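J.: Just the structure for this:
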Amino acid sequence: MLPTDLIGEWTLRRTVVDRRAGVTGDVAGTTSLTLVTPDEVRWDEAGVMRLDGRETPVSRTLVVRHGQDDRWTVHFADGRVFHDWAWGASVEHACAPDDYTGVLAGSADRWTVRWEARGPAKDLRLDSVLERRAATAD
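T.: Numbering: from 1, shown residues only. Model prediction:
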């Protein structure tokens, strides 16, 4: 599946398990994938994280770019590379001093993003489920 197959509005549910702190939380919100150019998709997330008895607004913007090598790559908003877009296969992100391993998988109506972050600073599991939001009539 390509990022262009996922253009649209999504309901986001994320489970956060911080094994080091011994707490579990969740994020509820929305994700929007927008075609910027034929070779660029903007990925915006916004929601509320509930963790350890606190609620915190969260958001992030990613950009997925199609390169000259015919591969798609996910970038942070500031342009740094986050990870390859490899649907159904393991992807990695080195975030010193920790390492992230993830998988993007699913269908055009429901997909998941799963990350494990391990190292001296983190021991996390992040499980995101994205379900396509129904189009609304004007």
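J.: alpha carbons only for contacts and neighbour counts from here, please
T.: OK.
J.: Tell me how many other residues crowd Gly119.
T.: Residues within reach of Gly119, counting by other C-alpha atoms under 10 Å, total 13.
J.: no wait, Val36
T.: Applying other C-alpha under 10 Å, I find that Val36 has 12 neighbouring residues.
J.: Also the one 10 residues further on?
T.: Here the count is done by other C-alpha under 10 Å, and Ala46 has 17 residues near it.
J.: any idea what sits nearest it, other than its immediate chain neighbours?
T.: Nearest non-adjacent residue to Ala46, counting by C-alpha to C-alpha, 6 or more residues apart in numbering: Ser59, 4.2 Å away.
J.: didn't the one you found look like it was pressed against Met49?
T.: No. Ser59 lies out of contact with Met49 (C-alpha atoms under 8 Å); the separation is 9.7 Å.
J.: Where does pLDDT dip in the chain?
T.: For the chain, residues meeting the criterion pLDDT under 70 lie at 135-138.
J.: for it, longest strand please?
T.: strand 23-37 (DSSP state E).
J.: secondary structure element for the residue nearest the centre of the chain?
T.: Central residue of the chain (C-alpha atoms, centre = their mean): Val113, 5.7 Å from the mean position. Assigned by DSSP states H and E, Val113 falls within strand 110-118.
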